[in-house]
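A.B. asks: Build me a model from this:
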Amino acid sequence: MHYFKSFYDDSCVKTINNVYQSERYLNMNKYMLAIFIVITFSVISLTGCEKIIDTGMVVSPDDGMTETLKVGLIHPYPNYTSFGKGAELAQAEINASGGILGMQVELVYKEEETDTVVDYATALIQEDEVVAILGPLFSSHAVKVGPITTVPVLLGATRSEVTVGATDPHDLMFLVAGSNVLQAKLLAKVVVEQLEKNTAGMIWQDKDVYSEGFVQSFKTSLEELGGNVVVEETYTGNDVMMFDTQLTAVKDANPDVLLLASFPGAVPRIMKQARDMGITSTFIGSDGWDDPLISSTLDDNAHVDGYYCTNLDPTAVSFNKAYMTKYGSVDGIAATGYDALQLLKIAVESVGSADDPWTIRDAIAEIKNYEGATSISSFDMNRNPVKSVGVRQILDGIPQDDIIEATPE
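C.D. replies: Coordinates of the predicted model:
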């Protein structure tokens, strides 16, 4: 379930007080009617006296007697919220089957933001005393959490370098989704072998840890397959609305495909502007596209077409059916959130205790042949999962059911 907070401003109090003072002029029936009108108006008008904000916090039913196991959950809002929903589905299934070591799982949510992600992660560890953290989703945030965490972190982020290193700041960090290296290798293979394209342009957000890692990996993989990147353009910030300079360079280079290693807010705008300028390159992208916002940013999705990486596994019938029944359409981000909590469950139960984060960390690293929302054969030495990923087509803003490719091998 979701936890809601309500906030009342002074105008509400003043309105009710005025009604109360007027009681001397009203009989009881009229007074009660006035109160009813004021309360009803304040409830139904979200821009009036009462503002109701969905904080996204996931809580477990608690009778005050059941022992709980707290798990931190960090993900952004409003994009990539399916990570938390996937974790919530896993939570419901785990709790329904008796919890973890007899303890009901409680997810403690913090909204993922650049300026507060370290403070929130610290609060989860030190104040909420969580046994582990699920998230964050952005690699640029994950690299900040690594040096301060003292509990295992099962990330939604995918840049492989986030977990690389033999030092303690990285040892507790695990990727759950396929890494950007794995995704880029697969996407390059699809471009050359299935789309039969050889030249590529690339546009990405400058200085973004995730985007930079993906384009570097894609360029290397494409060149290994005999392809060539003919134009590279960046933009600054995630609130850019116009991409004339970047797209002019792309139009001049005329690549077969255009890689948009960016996020749902920017990608549809780039697509529309590119088509308006007469650019005919096939759009391709990373799993940064894998969010419903890519289909709701524009009023008209006629230009929102292309191919993007996803961690969605169409063979995970049980998870896909359960998620769609509860939430609607399913995506690879949801699968990652689900797997993150299920992997933690396996590790804690194999240890037999939730007391020692390093023992739990070692147990996660030793998991083999996991089958959940996706399949993970094992974790490599840098705690990246050995698994398959896919490439999914999107047409007119609608992700298609078929996964074009399931493995880079």
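A.B. asks: Assumed residue 401 was part of a strand.
C.D. replies: Yes. Judged by DSSP: H, G, I helix; E, B strand; the rest coil, residue 401 forms part of a strand.
A.B. asks: Where does the prediction get shaky in the stretch 51-200 of the chain?
C.D. replies: Residue ranges of the stretch 51-200 of the chain with pLDDT under 70: 51-65, 164-170.
A.B. asks: could you pull out the strands for it?
C.D. replies: Here the stretch 51-200 of the chain has its strands, by DSSP state E, counting those that start in this stretch, at 68-75, 104-111, 133-134, 153-155, 173-175, 199-205.
A.B. asks: What sits closest to residue 302 if chain neighbours are left out?
C.D. replies: The shortest distance from residue 302 to any non-neighbouring residue, by CB to CB, 6 or more residues apart in numbering, is to residue 396 (6.1 Å). For every residue, glycine as well, the C-beta is placed using N, CA and C.
A.B. asks: same deal with residue 327?
C.D. replies: Nearest one to residue 327, counting by CB to CB, 6+ apart, is residue 85 at 5.3 Å.
A.B. asks: correct me, but that neighbour touches residue 335?
C.D. replies: No. Contact criterion CB atoms under 8 Å: residue 85 and residue 335 do not qualify, at 10.7 Å.
A.B. asks: Comparing these two, which shows the higher neighbour count?
C.D. replies: A side-by-side neighbour count of residue 85 and residue 335, using other CB atoms under 10 Å, places residue 335 first with 27 against 22.
A.B. asks: Report the rounded mean pLDDT for the helix or strand where the more buried one lies.
C.D. replies: Here residue 335, judged by DSSP states H and E, is contained in helix 332-351. Throughout helix 332-351, pLDDT has a mean value of 97.
A.B. asks: Check which element follows that helix along the chain.
C.D. replies: From helix 332-351, the next helix or strand downstream (DSSP H and E) is helix 357-365.
A.B. asks: buried sites along that next one?
C.D. replies: 357, 359, 360, 361, 363, 364, 365 (16 or more other CB atoms under 10 Å).
A.B. asks: Stretch 307-327 too?
C.D. replies: Quick answer for stretch 307-327 (16+ other CB under 10 Å): 307, 308, 309, 310, 311, 312, 313, 316, 319, 320, 322, 323.
A.B. asks: now swap in stretch 221-238 and tell me
C.D. replies: For stretch 221-238, the neighbour count (16+ other CB under 10 Å) marks 221, 222, 227, 229, 230, 231, 232, 233, 234, 235 as buried.
A.B. asks: Not counting it itself, show me its contacts.
C.D. replies: Applying CB atoms under 8 Å, 6 or more residues apart in numbering, the contact partners of stretch 221-238 are 184-185, 187-189, 191-193, 197-207, 215, 219, 243, 245-247, 249-250, 252-255, 263, 265-266.
A.B. asks: Return the subset of those residues lying in helices.
C.D. replies: 184-185, 187-189, 215, 219, 245-247, 249-250, 252-253 (DSSP state H).
A.B. asks: Now residue 95: closest residue in space that isn't a chain neighbour?
C.D. replies: Residue nearest to residue 95 in three dimensions, not counting chain neighbours: residue 104, with 5.0 Å by CB to CB, 6+ apart.
A.B. asks: From residue 92, how far off is the one you found?
C.D. replies: Separation of residue 104 from residue 92 (CB to CB, to the nearest Å) stands at 11 Å.
A.B. asks: And residue 213, by the same measure?
C.D. replies: Distance from residue 213 to residue 92, by CB to CB: 34 Å.
A.B. asks: who's more crowded, the two?
C.D. replies: Between residue 213 and residue 92, counted using other CB under 10 Å, residue 213 has the larger neighbour count: 24 against 16.
A.B. asks: can you give me phi and psi for that one?
C.D. replies: phi -60, psi -40 (degrees, to the nearest 10).
A.B. asks: hang on, isn't it packed against residue 159?
C.D. replies: Yes. With contact defined as CB under 8 Å, residue 213 counts as touching residue 159 (4.1 Å).
A.B. asks: Please enumerate the shared neighbours of the two.
C.D. replies: Jointly contacting residue 213 and residue 159 under the rule CB under 8 Å, 6+ apart are 139, 180.
A.B. asks: related to what we said a few turns ago, among the buried residues of stretch 307-327, which two are most distant?
C.D. replies: Greatest spacing in the buried residues of stretch 307-327, by CB to CB: 307 and 322 (27.1 Å).
A.B. asks: from memory residue 361 sits against residue 154, does it?
C.D. replies: No. Between residue 361 and residue 154 there is no contact, the gap being 10.4 Å when judged by CB under 8 Å.
A.B. asks: can you list the domain ranges for this protein.
C.D. replies: Domain assignment for the chain, taken from automatic domain parsing, gives 2-57, 59-178+314-373, 180-310+391-405.
A.B. asks: so can I have TSV of these showing distance to residue 382?
C.D. replies: TSV is the format used below for these (distance: least, CB to CB, whole Å):
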stretch	distance to residue 382
domain 2-57	30
domain 59-178+314-373	5
domain 180-310+391-405	10
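A.B. asks: Residue 385: which of the ones you listed is closest?
C.D. replies: The nearest among those, by CB to CB, is domain 59-178+314-373 at 5.9 Å.
A.B. asks: Please state the offset of that closest one from the chain centre?
C.D. replies: 12 Å (CA atoms, centre = their mean, to the nearest Å).
A.B. asks: from here on, count from 15
C.D. replies: New numbering, starting at 15: the last item is domain 73-192+328-387.
A.B. asks: pLDDT value on residue 244, please?
C.D. replies: 98.
A.B. asks: and the gap between it and residue 214?
C.D. replies: With CB to CB as the criterion, residue 244 and residue 214 are 7 Å apart.
A.B. asks: before we move on, the earlier item: between the domains of the chain, which gets nearest to residue 397?
C.D. replies: Of the domains of the chain, nearest to residue 397 by CB to CB is domain 73-192+328-387, at 4.5 Å.
A.B. asks: where does the stretch 215-364 of the chain dip in pLDDT?
C.D. replies: Where the stretch 215-364 of the chain drops to pLDDT under 70, the residues are 252-253.
A.B. asks: All the strands of it, residue numbers only.
C.D. replies: When assigned using DSSP E, counting those that start in this stretch, the strands of the stretch 215-364 of the chain occupy the ranges 242-249, 271-275, 296-299, 320-324.
A.B. asks: Good, wrapping up.
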